[in-house]
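Colleague: Structure for this input, please:
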Amino acid sequence: ALQNNTSLTDLDVRENDGISDQGGMMLLKLVNNISSVKATLQSNHTLTNLSVKLLLLDAVSEIQARIDVATLINRNQDNPEAAGREKVIQTQLRSANRAELCRLQGVHQSLHSEINPLHLPEVLSLVSQKLGHRELYVALKSS
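Modeller: A predicted model of the protein is given here:
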């Protein structure tokens, strides 16, 4: 139900008796699923505040921090489509962010394997324009 939410902007589940790491991960995937570009674009872009209380304190900082980044993108964009595009740029195309989210979400596939080779020049141009030459080099090296 929350995946297709278009009206709920704030969700606070800290008063629950603790959410498992797996539950926290599901909430992270709700606002930014890194498994594919399509999954990122289909993530929830309406929630602007999502507060979680996890059972394990060391997991709280990583998962909540990534949830906070995704909801901040949602807050700072004019519409859900713009939020989706910005999440793709910041979390799929930015190599360090993608690596961290892949580790957290257990994703083991290359981003470039899902990009149509005919679109690769456009994607690499976008990386260069939005993220700079360092990220372009990383993208070229991995594609």
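
Colleague: how much space is there between the residue most central in space within the chain and Gln3?
Modeller: Nearest residue to the geometric centre of the chain (C-alpha atoms, centre = their mean): Asn32, 3.3 Å. Asn32 is 12 Å from Gln3, where distance means C-beta to C-beta, to the nearest Å. All C-beta spots, glycine's among them, are computed from the backbone N, C-alpha and C.

Colleague: what's the answer for Asn76, then?
Modeller: Distance from Asn76 to Gln3, by C-beta to C-beta: 21 Å.

Colleague: so who does the residue nearest to the centre of the chain touch?
Modeller: Thr40, Ser43, Arg66, Ile67, Val69, Ala70, Lys87, Thr91, Leu101 (C-beta atoms under 8 Å, 6 or more residues apart in numbering).

Colleague: how many neighbours does the second one have?
Modeller: Yep, that's Ser43 we're talking about. 24 (other C-beta atoms under 10 Å).

Colleague: same check, this time on the last one
Modeller: Other residues near Leu101 come to 23 when the count uses other C-beta under 10 Å.

Colleague: now swap in the fifth one and tell me
Modeller: Other residues lying near Val69 total 18 when counted by other C-beta under 10 Å.

Colleague: Distance check, it against Val31.
Modeller: 9 Å.

Colleague: How about the helix or strand where Ala99 lies, which residues are buried there?
Modeller: Element membership of Ala99 [criterion: DSSP states H and E] is helix 95-105. Counting neighbours by 16 or more other C-beta atoms under 10 Å, one finds that the buried residues in helix 95-105 are Ser95, Asn97, Arg98, Glu100, Leu101, Cys102, Leu104, Gln105.

Colleague: could you say what helices and strands that helix packs with?
Modeller: Counting contacts by 3 or more C-beta pairs under 8 Å, 6 or more residues apart in numbering; DSSP states H and E, helix 95-105 is packed against helix 21-31, helix 57-76, helix 133-142.

Colleague: so the last one versus helix 95-105, what angle?
Modeller: Helix 133-142 and helix 95-105 are oriented at 60 degrees to each other (axes from the mean of the first three to the mean of the last three C-alpha atoms, to 10 degrees).

Colleague: From here on, call the first residue 59.
Modeller: Yep, numbering from 59; the last one is helix 191-200 now.
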